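A.B. asks: Here is my input; please provide its structure:
(one chain, ligands or ions: 1)
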Amino acid sequence: MTRVLVIDDSGTMRKIQKNVLTTLGVTEVVEAENGQEAILRMKEHQFDFKLVLCDWNMPIMDGITFLQKIRSVPQLKALPVVMVTTEGEKSKVVEAIQAGANGYIVKPFTPDSLKARLTEYLGTT
Ligand SMILES: [Mg+2]
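C.D. replies: This is a model prediction of the structure:
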């Protein structure tokens with residue numbers, strides 16, 4: 001069983017990511033609309049995720065705040081988190097990496113390019 005968490009306030013974006021993850025052999029995609037909901041979903045699944053894909057700009061709790069929060073929890077320090085965002089400036093990438101992101105994917109992307117990037121993080125599952 002491979003479970004991945006997709007955090008994005010856009011339902012369309014979550015659906016695109018979910019479809020690509022499914023083609024990569026991910027068996028369960030858990031969705032959240034913002035960082036706060038993501039923390040609840042993580043608790044429900046005992047923090048057992050192979051990968052977390054996280055948008056930056058979201059209401060209630062944005063992606064960088066979510067990332068900083070989970071990295072302050074010892075058991076979540078090694079959880080792979082990839083930012084998936086329109087924030088393409090170098091300073092933003094640096095900020096995310098410093099906050100503990102393992103990867104960075106800039107929107108927009110085609111499903112094929114997303115698939116290629118996610119293979120780097122998931123292997124063939
Ligand atoms: Mg957003």
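A.B. asks: switch to C-alpha atoms for all contacts and neighbour counts from now on
C.D. replies: OK.
A.B. asks: what's the nearest residue to the residue of the chain found nearest the ion if we skip its chain neighbours?
C.D. replies: Of all residues in the chain, the one sitting closest to the ion is Asn57 (4.2 Å; Cα to the ion). Residue nearest to Asn57 in three dimensions, not counting chain neighbours: Gly63, with 6.5 Å by Cα to Cα, 6 or more residues apart in numbering.
A.B. asks: how many other residues sit next to the one you found?
C.D. replies: 25 (other Cα atoms under 10 Å).
A.B. asks: next one: Gly103
C.D. replies: 18.
A.B. asks: any idea how far it lies from Thr2?
C.D. replies: 19 Å (Cα to Cα, to the nearest Å).
A.B. asks: can you check Val29 too?
C.D. replies: Counting by Cα to Cα, the gap from Val29 to Thr2 is 8 Å.
A.B. asks: Ok, Ala38 next?
C.D. replies: 17 Å.
A.B. asks: okay, the two: which has more neighbours?
C.D. replies: Comparing Ala38 with Thr2 by other Cα under 10 Å, the one with more neighbours is Ala38, at 23 against 16.
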